[in-house]
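Trainee: Quick one, what's the 3D model for this:
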Amino acid sequence: MEWEPVIGLEIHAQLLTRSKAFSGAATKYGAEPNTQACAVDIALPGVLPVFNGEAARMAVKLGLAIGATINKHSVFARKNYFYPDLPKGYQISQYELPIVSKGRLGIEVDGAEKVIGVTRAHLEEDAGKSLHEDFHGMTGIDLNRAGTPLLEIVSELDLRSAKEAVAYMKKLHQLVVYLDICDGNMQEGSFRCDANVSVRRRGEHRFGTRCEIKNVNSFRFVEKAIEHEIGRQIEVLEGGGRIVQETRLYDSDKDVTRSMRGKEEAMDYRYFPDPDLPPLMLDDDVIRDVEKTLPELPDAKRARFMKDYGLNAYDAGVLTSSRATADYYEQAVRESKADPKIAANWVTVELAAFLNRDNKDITQSPVTTPMLAGLLKRLADNTISGKIAKEVFEAMWSGEGDADAVIAKKGLKQITDSSAIEKAIDDVIAKNPKQLEQYRAGKEALFGFFVGQVMKATQGKANPAQVNELLKKKLAP
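Mentor: Numbering: from 1, shown residues only. Alright, predicted model coming up:
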């Protein structure tokens, strides 16, 4: 390509504090409009903000996880702009002195690894929400979200494609959820993205004019919005036009970005230190205490799963995609003492299929870890076959009890008695003389036919390995 995209992401992660950044109002999602907005949130005269220290500890947690510098001295500033859902007329944020700076995050795209720089992560408060539906030409304002603590995480301009941008966003999403500082719920706006996009001719060192795409809240839409914006800018430049620095919105229905407002000046918010808030000071003890709470991070966990359990990179990646999935798998292996690869297959294939079908998270799985462990035990001791195990799993999912209860209730115990299997084989051979003759004449594909007939005769309960072994002997000329 003649053109090279240059992309930077600003990701807003809503922090999992129980109260707001500068007030004691609740942050729980879904309350009736304007029932979780106190005097501080709606900016009544004479109120003063008091900072929520838990938000700072969560910011430090992220900074440590991405190998960033934790700034022991940071400052809150007022970011001035007018919007109906911003009661104060300014947003409390951090500007020149953020709490976290100079981090890094590794991504992988099409098998190639790349490290993306993280310029900064700063604390700020969220605005309220404008509601445009069901108000007959008017706009409703819900201030429940006003004052909710956010961590804005700003990448370096290291991303060179929409694919890389999505990989970075997914990796950061995984990390904040692992760290338990954000629930990552994109539908509720807990994790959303602004994308800064420009293009330049390949080999050029100077950046092109950027456009900012605001508030994109799904991985798919981020990729589509960036791809469209790259194409739009290239088309404008090749047509002899120029790119205007502006803020744009992504219209998912039409798959286009459209102009929202001009932004000719980069410094348009008139930041200044908030006179109502002192500098945020952190000491070494606070940072050390936060460091002690860090979980095993995704990349380290994935490497350990490959080393300790002999898993391939793909399975290890799927199993460590969330802490809940990794914990589920490890507990199942520990309790069942099953082959780790067999356990991995059950979690990544069978369990995953049922979760997807019913749109459930693994934490909502009707098949608990002890139940899967019980099933794996019965597979290992040959009580049931792999095929029967799937029937047992489905019954467990439907609420029919654990593996032992389902096996007993449905009479699914595997037949391992050689004499019983031999009798079934003899009956099948006797009923199929033509196929026997063809098999012995060299049509070896018929072996599968005989296996199927024996399994059918035993209602799928015969041990498959024994059936294969005994059949080979019986069918021999």
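Trainee: Now do the same for residue 52: its pLDDT.
Mentor: pLDDT, residue 52: 97.
Trainee: Residue 273 versus that one, what's the distance?
Mentor: 19 Å (CB to CB, to the nearest Å). The C-beta positions use only the backbone N, C-alpha and C, and glycine is treated the same way.
Trainee: Just want to know which of those two has more residues nearby.
Mentor: residue 52 (23 against 16; other CB atoms under 10 Å).
Trainee: check contacts around the spatially most central residue of the chain.
Mentor: By CA atoms, centre = their mean, the chain has its centre lying nearest to residue 174, at 4.9 Å. Residues near residue 174 by CB atoms under 8 Å, 6 or more residues apart in numbering: 298, 321-322.
Trainee: Between these, identify the one with the most neighbours.
Mentor: residue 298 (20 neighbours).
Trainee: residues contacting residue 455?
Mentor: Here residue 455 is in contact with 387, 462, 464, 467 (criterion: CB under 8 Å, 6+ apart).
Trainee: Buried residues in stretch 194-213, which are they?
Mentor: Under the neighbour-count criterion of 16 or more other CB atoms under 10 Å, stretch 194-213 has 194-200, 208, 210-213 buried.
Trainee: now the end-to-end length of stretch 300-318.
Mentor: 14 Å (CA to CA, to the nearest Å).
Trainee: just how off-centre is that stretch within its chain?
Mentor: 17 Å (CA atoms, centre = their mean, to the nearest Å).
Trainee: strand partners of the longest strand seen in the chain, parallel vs antiparallel please.
Mentor: If you go by DSSP state E, the chain has its longest strand at strand 112-125. Applying DSSP bridges to the sheet, strand 112-125 is found paired with strand 100-109 (antiparallel), strand 149-155 (antiparallel).
Trainee: Neighbours of the spatially closest residue to residue 221 that is not a sequence neighbour, how many?
Mentor: Leaving out its chain neighbours, the residue that sits closest to residue 221 by CB to CB, 6 or more residues apart in numbering is residue 252, at 5.5 Å. Applying other CB under 10 Å, we find 13 other residues in the vicinity of residue 252.
Trainee: Count the residues that sit near residue 450.
Mentor: The burial count for residue 450: 22, using other CB under 10 Å.
Trainee: Check whether it sits in a helix, strand or coil.
Mentor: helix (DSSP: H, G, I helix; E, B strand; the rest coil).
Trainee: list the contacts for it?
Mentor: 425, 428-429, 432, 435, 439, 471, 475.
Trainee: could you point out the longest helix in the chain?
Mentor: Longest helix of the chain, by residue count under DSSP state H: helix 219-238.
Trainee: neighbouring contacts of it?
Mentor: Applying CB under 8 Å, 6+ apart, the set of residues contacting helix 219-238 is 3, 5, 7, 162-163, 165-166, 169-170, 186, 193, 195, 197-199, 208, 211, 213, 216, 242-243, 248, 250, 252, 255-257.
Trainee: Now, those residues that are in strands?
Mentor: Checked against DSSP E, the contacts of helix 219-238 include these in strands: 3, 5, 7, 193, 195, 197-199, 211, 213, 216, 248, 250, 256-257.
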